[in-house]
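K.L.:
based on what follows, work out the 3D shape:
(chains A and B)
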There are 2 protein chains.
Amino acid sequence: MTYCVGLKLDRGLVFAADTRTNAGLDNVATFKKLHIWENAGDRVIALMSAGNLATTQAVISLLSEQIARGGDGETNLMNVDTMFQAARLVGKAVRDVARMDNDGSGANAENFSVTFILGGQIKGEKPRLFQIYSAGNFIEVSDDTPYLQIGEHKYGKPILDRVTQPDMRLGEAAKMIMLSFDSTLRSNLSVGMPIDLLLYNTDTFSADRQVRIEQDDPYFQKLSKAWSDGLRDAFSSIEELEV
Amino acid sequence: MTYCVGLKLDRGLVFAADTRTNAGLDNVATFKKLHIWENAGDRVIALMSAGNLATTQAVISLLSEQIARGGDGETNLMNVDTMFQAARLVGKAVRDVARMDNDGSGANAENFSVTFILGGQIKGEKPRLFQIYSAGNFIEVSDDTPYLQIGEHKYGKPILDRVTQPDMRLGEAAKMIMLSFDSTLRSNLSVGMPIDLLLYNTDTFSADRQVRIEQDDPYFQKLSKAWSDGLRDAFSSIEELEV
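P.N.:
Residues are numbered from 1 along each chain as shown, chains lettered A, B, ... in the order given. Next up is the predicted model:
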């Protein structure tokens, strides 16, 4: 499992991804799920992945090789003009990998399904945020629902529903997302720290606000405790049900 | 889907169940999922159900018919000596229904799986609380994890994890469970009001603390708003993440 959140606000985008992968409870590893491509001053593109690790890694590798080849007229994430075109490129990579892995050999009975959150800003556009499915098609967030979650989304959803405001500061949004992770980490063993985080401020075309939150991060520990205390206080202040 | 919670505390038991059933998003109905058998002064037994409605109704009917026949030496929920025996009776009824419905005719490709929460007190014992599976086997709650959830359990779990204390008053626990329902109702359309609630105080052998919380219940609406406000206050009081 996995937990990733992408959020589109008035001031920019926030991306957060856990790093735990597992093939069974007894086979756990740490892999980066937040991938960032940056051409300072021109574009920042972030891609977060959930699902079969072989598939998601192959997709990232295809996209990276396209960029490395560059210059031969082939489109890639670094030369497309819009985030919509970027989403189509990722969708195509997902379909290409699916085609390779389902070659009719019947070698696999595994579930190869994957989901991605893609977001960023390319010069000439506003920041945009997409969710891309196993079929290679995708949706874009709207003002009504400005966040996307992939992986184990349920435990951490109530806080996002209640607190998200389009005019939040990015640091405030990052705090909210950390609380959403805190609830998820407590309840699903297949979601694990460290958490990778990217705050992207609109029109900066720079990915320098990145951080990795480790297990023993003092801010995260303080946040977790303060939230538990705050919930308990909020709880005490409400009157009891009389039956 | 369904959402039911059972809680065992020092002072007694709390049961809460939603009432929505559905066969697809366009086929929604209201059915009671909290069933109570009472012999005042001797026993109170409550059973909550999730899963295939045909199966859960058949189980309840089998158990009720056993009681109605009574007196012929057959064991039933009203004459067993312990809650463990009651759990075995329910488990047997689950297996009997499964056997009837899987007669080899191949008439069904449906998922007949069900889950129950059974709890109560029989004179001579302390209150006990069980979860019964489709296979008819069951587990009993421990002091370490004093609550059980069936159905859509994820959205409402963080509040239970953070707030449950064995020495809570039952009204306090009911308030917590209503908050757990509030989070679930917001996120899963297949969980719906009204909510049926039973508070059972140890050694009263009486089921008189029952209530049905309707959609427009003023307490529930006030609770929901106070909780949203409380969460937002708790959120604001925590410092932001600096990246």
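K.L.:
residues of stretch A:169-183 that come out buried?
P.N.:
Neighbour counts over stretch A:169-183 (16 or more other Cβ atoms under 10 Å in any protein chain shown) mark A:170-183 as buried. (Glycine included, C-beta is placed from N, CA and C.)
K.L.:
ok, now stretch A:25-39?
P.N.:
Applying 16+ other Cβ under 10 Å to stretch A:25-39 flags A:33, A:34, A:35, A:36, A:37, A:38, A:39 as buried.
K.L.:
what's the offset of that stretch from the middle of its chain?
P.N.:
Chain-centre distance of stretch A:25-39: 11 Å, with Cα atoms, centre = their mean, to the nearest Å.
K.L.:
pLDDT on it, on average?
P.N.:
The pLDDT scores in stretch A:25-39 average 93.
K.L.:
what's the local residue count around residue A:239?
P.N.:
Residue A:239: 11 surrounding residues under other Cβ atoms under 10 Å in any protein chain shown.
K.L.:
helix, strand, or coil at it?
P.N.:
coil (DSSP: H, G, I helix; E, B strand; the rest coil).
K.L.:
isn't there a helix covering residue A:61?
P.N.:
Yes. Assignment of residue A:61 by three-state DSSP places it within a helix.
K.L.:
mind checking how far it is from chain B?
P.N.:
For residue A:61, the distance to chain B (Cβ to the nearest Cβ, to the nearest Å) stands at 28 Å.
K.L.:
and the pLDDT at that residue?
P.N.:
What the model reports as pLDDT for residue A:61 is 96.
K.L.:
follow-up on the earlier one: next step: the buried residues of stretch A:25-39 restricted to helices.
P.N.:
Using DSSP state H, no member of the buried residues of stretch A:25-39 sits in helices.
K.L.:
keep those residues, but drop any that are not near chain B.
P.N.:
Near chain B, judged by Cβ under 8 Å from any Cβ of the partner chain, there are no entries from the buried residues of stretch A:25-39.
K.L.:
out of the buried residues of stretch A:169-183, which sit inside helices?
P.N.:
A:170-183.
K.L.:
which residues in chain A form strands?
P.N.:
A:3-9, A:12-17, A:20-22, A:28-30, A:34-39, A:43-51, A:114-122, A:128-132, A:138-140, A:147-151, A:195-201, A:210-213 (DSSP state E).
K.L.:
tell me which of these lies nearest to residue B:228.
P.N.:
Residue B:228 lies closest to strand A:147-151 among the strands of chain A, at 17.2 Å (Cβ to Cβ).
K.L.:
quickly check: the closest one near chain B or not.
P.N.:
No. Applying Cβ under 8 Å from any Cβ, one finds strand A:147-151 out of contact with chain B, separated by at least 11.3 Å.
K.L.:
just checking, what packs against that strand?
P.N.:
Judged by 3 or more Cβ pairs under 8 Å, 6 or more residues apart in numbering or on different chains; DSSP states H and E, the packing partners of strand A:147-151 are strand A:3-9, strand A:43-51, strand A:114-122, strand A:128-132, helix A:157-163.
K.L.:
list the contacts of the fourth one.
P.N.:
Contact with strand A:128-132 is made by A:6-8, A:13, A:83-84, A:87, A:90-91, A:94, A:115-121, A:138-141, A:146, A:148, A:150, as judged by Cβ atoms under 8 Å, 6 or more residues apart in numbering or on different chains.
K.L.:
my guess is residue A:60 contacts residue A:35, does it?
P.N.:
Yes. Contact between residue A:60 and residue A:35 holds when scored by Cβ atoms under 8 Å: they sit 5.6 Å apart.
K.L.:
show me the common contact partners of these two, please.
P.N.:
Residues touching both residue A:60 and residue A:35 by Cβ under 8 Å, 6+ apart: A:47, A:49.
K.L.:
against residue A:83, how distant is the nearest residue to residue A:118 once chain neighbours are set aside?
P.N.:
Spatial nearest neighbour of residue A:118, chain neighbours left out: residue A:130 (4.6 Å); criterion: Cβ to Cβ, 6 or more residues apart in numbering or on different chains. Remark: distance between residue A:130 and residue A:83 (Cβ to Cβ, to the nearest Å) = 7 Å.
K.L.:
got it, and residue A:91?
P.N.:
With Cβ to Cβ as the criterion, residue A:91 and residue A:83 are 12 Å apart.
K.L.:
can you check residue A:131 too?
P.N.:
Distance from residue A:131 to residue A:83, by Cβ to Cβ: 13 Å.
K.L.:
so those two - more neighbours on which side?
P.N.:
A direct count of neighbours by other Cβ under 10 Å for residue A:131 and residue A:83 places residue A:83 higher, at 23 against 20.
K.L.:
distance of the closest residue to that one other than its chain neighbours relative to residue A:202?
P.N.:
Leaving aside its sequence neighbours, residue A:83 sits nearest to residue A:128 (Cβ to Cβ, 6+ apart; 4.0 Å). For residue A:128, the distance to residue A:202 equals 11 Å [Cβ to Cβ].
K.L.:
which one's more surrounded, the two?
P.N.:
Shown here are residue A:128 and residue A:202; by other Cβ under 10 Å, residue A:128 has more neighbours (19 against 15).
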